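S.K.: A predicted structure for the sequence below; I have some questions about it.
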Amino acid sequence: MAAGTRRQQEMRKALREMAPRIPMLDAGAVLDLALAGHLRHLPVSIAVWQALASHVRHSHTDYDALLDEGYDRDAARFFVAGAMDAILADWGCARRIGTDTDAD
């Protein structure tokens, strides 16, 4: 029997399918983000994607440093999109950031 609510189980499954090679430490952080209250109203796949993109952006790129240097959000996102795509590819994720700026 798997632990957690049905939504938590669905999120774990969606993340395994979306990014099958994500490191366990990162997977836990993404799932924590995906379970945040402000994402509760979203379908599981969208909540997991937004949490995954946000985690990669904030934890694996210079995004926050760019914001601290005075870049606006859109410019900072533009500059880290390639690095984000590389990380997602390493984790086996078929989806890419490209010009997608909806995930935070």
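M.R.: Sure thing, it's come through.
S.K.: can you dump the C-alpha coordinates of stretch 57-73 into CSV?
M.R.: Provided in CSV are the C-alpha atoms of stretch 57-73 (Å, rounded to 0.1, in the frame of the first residue of the first chain):
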residue,chain,number,x,y,z
ARG,A,57,14.7,27.7,-11.9
HIS,A,58,15.4,28.6,-8.3
SER,A,59,17.6,25.7,-7.2
HIS,A,60,19.7,24.9,-10.3
THR,A,61,20.2,28.2,-12.1
ASP,A,62,21.4,31.8,-11.5
TYR,A,63,17.8,33.1,-11.7
ASP,A,64,17.7,34.5,-8.2
ALA,A,65,21.1,36.1,-8.6
LEU,A,66,20.0,37.7,-11.8
LEU,A,67,16.9,39.2,-10.0
ASP,A,68,19.2,40.4,-7.3
GLU,A,69,21.4,42.1,-9.9
GLY,A,70,18.4,44.1,-11.1
TYR,A,71,17.1,42.0,-14.1
ASP,A,72,13.4,41.9,-14.4
ARG,A,73,11.6,38.5,-14.1
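S.K.: Pull out the buried positions in that stretch.
M.R.: Buried positions in stretch 57-73, judged by neighbour count with 16 or more other CB atoms under 10 Å: R57, H60, T61, Y63, L66, Y71. From N, CA and C alone the C-beta is placed, and that goes for glycine too.
S.K.: And the average pLDDT for that stretch is what?
M.R.: If you average the pLDDT over stretch 57-73, you get 98.
S.K.: what about it, distance to the chain center?
M.R.: When distances are taken as CA atoms, centre = their mean, to the nearest Å, stretch 57-73 is centred 15 Å away from the chain's centroid.
S.K.: Repeat that for stretch 36-45.
M.R.: That offset, for stretch 36-45, works out to 13 Å (CA atoms, centre = their mean).
S.K.: what's next to it, contact-wise?
M.R.: R7, E10, M11, A14, M18, L33, A34, A47, Q50, A51 (CB atoms under 8 Å, 6 or more residues apart in numbering).
S.K.: Can you classify H41 by secondary structure?
M.R.: Using DSSP: H, G, I helix; E, B strand; the rest coil, the three-state assignment for H41 comes out as coil.
S.K.: want to throw the contacts of stretch 36-45 into a markdown table with neighbour count and distance to V80?
M.R.: Shown next, in a markdown table, are the contacts of stretch 36-45 (neighbours: other CB atoms under 10 Å; distance: CB to CB, whole Å):
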| residue | neighbour count | distance to V80 |
| --- | --- | --- |
| R7 | 13 | 29 |
| E10 | 16 | 29 |
| M11 | 22 | 24 |
| A14 | 20 | 24 |
| M18 | 19 | 19 |
| L33 | 19 | 17 |
| A34 | 26 | 20 |
| A47 | 23 | 21 |
| Q50 | 20 | 16 |
| A51 | 24 | 17 |
